[in-house]
Every structure is written in structure tokens, then in C-alpha cells.
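In: Need a 3D model of the following:
(2 chains)
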Amino acid sequence: MVSATPRAEGAARSAVLSVLSVVVLLAGWEVSARVGWIREAFFPRPSSLLSQFQLLLRDGTLGLHMGATVGRLFWAFVLAAVPGVAVGLAMGVWRAARDTLDPLFAFVYPIPSVLFLPLAAFVLGRGEPARVLTSAVTSFFLVATNTMAGVRQLDRGILEAGIHYGATGHNLFFKVLLPGALPWIFTGLRLGLGFALIVVVAVEMVGAERGLGALLWLSWQTLKVRDMYVTLLTIGFLGLLTTYGLERLRSWLLPWQPKTEVRR
Amino acid sequence: MAELVSRTLEGAGSPTSASPKVWVRGLSLSYASPRGPIPALENVSLSVGAGEFCCIVGPSGCGKSTLLRVLAGLIPATAGEVHIRSDGRDRPLTAMVFQDYALLPWRTVLDNVAFGPENRGVPRAERYRIAREILAKVGLSGFEHAYPHQLSGGMKQRVGIARALANDPEVLLMDEPLAALDAQTRNLMQEELLRIWSQFGKTVVYVTHAIDEAVLLGDRVVVMTARPGRVKAVVPVDLDRPRTLEQKGSARFAQLYNEVWQLLREEVGVASAEGGGDG
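Out: This next block holds a predicted model:
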């Protein structure tokens, strides 16, 4: 059954459930490590990871590497989102653009983006531009494809009504096509942001001195298990924060979307 | 879009004598298909007087909605002429109320209603004043800032009607506006339509498949044939105005209902034998 849940009650319940699952997992881990069910050498206790996290934060290690990652993530996302939305809109509106680009997309999109690093480094030199560009490739396709789908799925009746009530040319684009596609554009942006983070970290592992990916690789090579975990979790939190940030932006920008939930 | 429907100025142009508001002559329309053209409308002629409420009924797929879309300038006719007489003021010839509302979900009620004037360059304060005034008249005061998904079907269609009225058209076109509503709401909305129409005095072309609705609302009921749609008969409705729902119980109403139904039932038989689609 689909019903709009009583907003506050539903939200509170989801929040409790989300926090509870994390708490249970961490508590189970802590106890298992203390009792000796799992080996601390491989799975250090959450409490010791917390103190290690504080240490790395205080001595500036984490800030240095996280700064590098966030910077790259930002530019990769911008580089994917801006042309992605533009190309996606063009593909949604013009059949010619769709026919031209569709085969190219189908060919390039499945190639794992990290593989573009050598090519990008060869053309742009071994530096930030090559890393950022590589990180943007897959996200670009995700944003463009979703944006195109958003324009294409627009209800014909709404489009007809828009035209009938005098929206033509740029009015039709900005007042009907673009707002109608926005929910899909946001879905593309969310997927694109997640993918950009994945590739940024992967690129840092293979080709950077700074960044959370580089720190992870370094910790592994020097067998600093706690540092490894702390880095891994930090990457996870970074993904969580950016994704939720984008979701907040979405519900602020799209107050017109019905918030329905499927309940049994 | 206006070039598909010609705008005839008051006292000029081809339709003379009685000078109807809407004048359709020999209108035909066929859709292209791989197996050749499929006729949807054939030689339809019709005139609607100024301030008249004209209902069109016909079996599913007879092209009554297509006829309305031609009047709206949304699709071109294959042959024939359509004239709409303008009183010379700068305003759109037609405004359509759609069956499935077709509101813009990302706009509030107020911005949906102000949409037509906005596209015609009416300044913000002025178009909001118009929109608020009309929303009050259709009973939606207090819902200006709601979004369409927060409204019931009946309220959504009030917004659809308000949007059309805000554009102040020469002719109001309504394409089965109550078809998506439940029976009780439909009855209430029929009464609402009578009230709103008497306030605004618009010329209305109203497509429906509900005979009781056509008889209750219309000054005339135009009955169309099964596909390809032609005008089969025109039934004048001589019920007193202002009308109320109670008139549905009168003997005269039953007579008119039966007259339309007898005309229609042969056509419905033809349409269902062919298994025609909608449109």
C-alpha cells in the first residue's frame, strides 16, 4: 500500500532505525574483539580506532589527505555535473544529439574510469588536471544519461499544456522541460557524486602522494592496520556527508515532490 | 499556433448573419499510419454562438477530443476551416481544461493559475491579482501556496479551470474535465461549473461522454458518430436557467436524456463492434 506517512513520526522512526543499526554493529565488534572472538591484529576494536582517529586528526595527517581528496572530489564533480546536465538536456531535447551520442556513451561508459588515468596523464602530464579529469568521466555519463531520461519521461500532457498556455522557446525550456527533468537530474548527480568519490580514491591509490586513497595505500604498505581502518571509515563518512548534503539540497529545491512511502 | 485557427474580427470576415463565436466548416482530419491515412474526423461543421455552452458527446474514439485539439490549435486539420471571432482585445482565442488536469507539478496553485498571463508578459503583481481573484471565484482561496500533489482531484480540476479563466480566452475548451473524478465529486463539480459559467459568461465547447452532464450543462448537445467522427445530430436543451442538480429529476430532463441516448446508442454499437480506441 502506498501512503503518505505522518511526516514527523515516520522521520523519527527512520532516524532511530538508522542509528540503531550502526550502534549494534559497533557494540558487537567491540565486545567480540575484547572477548577474543576476533583477532585484534586484523580487526582492531572500534574504541582504539577512535583514539587513533583523534591522533591522526590532531597531528594534521588526516586533514592534509582529506583536504586533497575533497578538493579533487569537488572539481571532478563540477567537471562531471556541468557538462553532464548540459549534454543530457541536449540529448533529451534533440533527437539528432541523442542518435549521435548514444553509441559513444554505450562504448565509453562501461570502461572503468581509472583506466583513463594513463591516457589523461600522457596528454595532460602527471598532475592534478589528469587526476580530476579521470575522476569525472564515469560521473559525467551518469549525470548525462539521467538528465536525458528526465527530459524524455516528461508527461506529454504537461508538455502540451505548457505549450498551449504560451510557453515557447526558452520559456518552454526553463519553465517546463528543466523543472520537469530536475528530479532525474538530482538522481544523476547523486550517483555521479558517489562514483566521483570512488574514482578519486582509486586514482589516489595508484597515482598520488596525498589524498585518502594514498594514505590508505601507505598504511597498508607500512602495515599500520589502525590507520588503514581510520582512512577507510573516513572515506565512508565523506561519501555519507556529501550524499546527504545533496539530498538536503534536493528537498529544499524540489518542495513540490510528493513524499510517498511504500508500507506494508 | 494561432495560424492553425483563423482569428476573425468582429463584424468582418466570412461568417456573417448570426456571426457565431466559433465557426467550423467541412473540417476533416486523418492520421498518417503505415497502412495509409486513418480518418478521425470527416466533414465536421459546427457553429457556437457567443456565450453559449455547447456540449459534444460521442462514442469513445469518435474524435471529439481531436476536434477540441484542432480548435485549440494544438494539431492542424487536414481540410476545412476553423474561425474564432475575436472581440478585438488582445487575448488568446482558446484556453483548454484537460481531462487529467495537466497542471505543472513544480508550481504552486497560484503560479499554475498565473502561468498563461506570465507567458504573455503580464507583470507579476497584475497576474497574481488576476490569479487570486479567479481562485476565490472557483472556491480555492487559502490554497494559493499548495502544490498540486497536495490537492484532491476535484480541487486540481478547479485549478485547471482557474488557469484557463486567468488566460481570459475568447472560448473555453473543456476536454472531459470531470471524467477522472468519482461520482459524488462529479455531481458537485457539475453544479460548480454551472455557477462559474454564469459568473464568467464564457463561450464553452465541452466534450464529455456522460449524457447527464451534457444535458445538465449545455445549451445544445452535439451528438457525433462513431469514427470517423461526423456531426450526427444537434439536440437543443430547453431546460430553464439557472440550472441546478435537482433538474436531473425532472420529466423534461429524462426526455432529453433519452433523445440523446437513442442517437448515441447506435453509434456506441458501431464503435464497440470495431473495438475502437480512445481519442
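
In: Now do the same contact list for the closest residue to B:Arg132 other than its chain neighbours.
Out: Spatial nearest neighbour of B:Arg132, excluding adjacent residues (Cβ to Cβ, 6 or more residues apart in numbering or on different chains): B:Glu144 at 6.7 Å. In short, each C-beta sits where N, CA and C put it, glycine included. Residues near B:Glu144 by Cβ atoms under 8 Å, 6 or more residues apart in numbering or on different chains: B:Thr108, B:Val109, B:Leu110, B:Ala131, B:Arg132, B:Leu135.

In: now, which of these sits nearest chain A?
Out: B:Thr108 (7.9 Å; Cβ to the nearest Cβ).

In: got a list of what that closest one touches?
Out: A:Trp256, B:Glu144, B:His145, B:Ala146, B:Tyr147.

In: Please tell me how far the last one sits from A:Val176.
Out: Pointing back at B:Tyr147 there. Remark: distance between B:Tyr147 and A:Val176 (Cβ to Cβ, to the nearest Å) = 16 Å.

In: Contact partners for the residue positioned nearest the centre of chain B?
Out: Most central in chain B under Cα atoms, centre = their mean is B:Met174, positioned 2.3 Å from the mean C-alpha point. Applying Cβ under 8 Å, 6+ apart to B:Met174 gives the contacts B:Met96, B:Val97, B:Val204, B:Val205, B:Tyr206, B:Val207.

In: Check the model's average confidence along whichever strand or helix holds it for me.
Out: Taking DSSP states H and E as the criterion, B:Met174 maps to strand B:171-175. On average, the pLDDT along strand B:171-175 is 96.

In: what do you get for stretch A:252-264?
Out: 72.

In: Can you check which helix is longest in the chain?
Out: You didn't say which chain, so I picked chain A. helix A:61-93 (DSSP state H).

In: Chain B was what I was after
Out: Assigned via DSSP H, chain B shows its longest helix as helix B:251-274.

In: Where does the prediction get shaky in the stretch 1-150 of chain A?
Out: Scanning the stretch 1-150 of chain A with the threshold set as pLDDT under 70 gives A:1-8.

In: What residues does the stretch 1-150 of chain B have near chain A?
Out: Within the stretch 1-150 of chain B, the residues that sit near chain A (Cβ under 8 Å from any Cβ of the partner chain) are B:1, B:72, B:74, B:92, B:95-96, B:98, B:100, B:102-108, B:115-116, B:119-120, B:147-150.

In: again, 10 Å this time
Out: B:1, B:69, B:72-75, B:92, B:94-108, B:111-112, B:115-121, B:146-150 (Cβ under 10 Å from any Cβ of the partner chain).

In: Point out the ones among the residues you listed that are inside helices.
Out: Using DSSP H, those in helices are B:Arg69, B:Asp111, B:Asn112, B:Phe115, B:Gly116, B:Pro117, B:Glu118, B:Asn119.

In: ranges for the strands of chain B?
Out: Counting by DSSP state E, chain B has strands at residues B:6-9, B:22-31, B:38-48, B:53-57, B:79-86, B:94-97, B:171-175, B:203-207, B:220-224, B:231-236.

In: what do you get for chain A?
Out: A:2-3, A:261-262.

In: out of the ones in helices among the residues of the stretch 1-150 of chain B next to chain A, who's nearest chain A?
Out: B:Asn119 (3.4 Å).

In: What does the pLDDT read for the closest one?
Out: pLDDT, B:Asn119: 95.

In: and it, how many residues sit next to it?
Out: For B:Asn119, the neighbour count with other Cβ atoms under 10 Å in any protein chain shown is 20.

In: Now do the contacts for it.
Out: A:Gly162, A:Ile163, A:Tyr165, A:Gly166, A:Ala167, A:Thr168, A:Asn171, A:Leu172, A:Lys175, B:Pro92, B:Arg127, B:Asn167 (Cβ atoms under 10 Å, 6 or more residues apart in numbering or on different chains).

In: Which PyMOL command selects the buried ones in those?
Out: Only the buried entries of the contacts of B:Asn119 go into this PyMOL selection, using 16 or more other Cβ atoms under 10 Å in any protein chain shown:
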select buried, (chain A and resi 162+163+165+166+167+171+172+175) or (chain B and resi 92+127+167)
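
In: which among the contacts of B:Asn119 gets closest to B:Arg252?
Out: Taking Cβ to Cβ as the measure, B:Arg252 sits nearest to B:Asn167 out of those, at 35.4 Å.

In: Return the distance of the closest one relative to B:Asn112.
Out: Taking Cβ to Cβ as the measure, B:Asn167 falls 12 Å from B:Asn112.

In: which residues do those two both contact?
Out: A:Tyr165.

In: and the helix or strand bottoming out on mean pLDDT in chain B, what does it pack onto?
Out: Lowest on mean pLDDT, DSSP states H and E among the helices and strands of chain B sits strand B:6-9, with a mean of 72. Strand B:6-9 sits against strand B:79-86, with contacts defined as 3 or more Cβ pairs under 10 Å, 6 or more residues apart in numbering or on different chains; DSSP states H and E.

In: quick one: average confidence on the strand it packs on?
Out: Here the average pLDDT along strand B:79-86 is 91.

In: any idea of the angle it forms with strand B:38-48?
Out: 30 degrees (axes from the mean of the first three to the mean of the last three Cα atoms, to 10 degrees).

In: Strand B:79-86 pairs with which strands, parallel or anti?
Out: Applying DSSP bridges to the sheet, strand B:79-86 is found paired with strand B:6-9 (parallel), strand B:22-31 (antiparallel).

In: I'd say A:Leu212 and A:Leu232 touch.
Out: Yes: counting by Cβ atoms under 10 Å, A:Leu212 touches A:Leu232, with 8.7 Å between them.

In: Give me the neighbour count for residue 236.
Out: Picking chain A for this. Neighbourhood size, A:Gly236 [other Cβ under 10 Å]: 11.

In: Switch to chain B, please.
Out: 9.

In: repeat for B:Glu170
Out: B:Glu170 has 20 neighbours, counted by other Cβ under 10 Å.

In: quick one: it from B:Ser250, how far?
Out: On the measure of Cβ to Cβ, B:Glu170 and B:Ser250 end up 33 Å apart.

In: Same question for B:Gly51.
Out: With Cβ to Cβ as the criterion, B:Gly51 and B:Ser250 are 24 Å apart.
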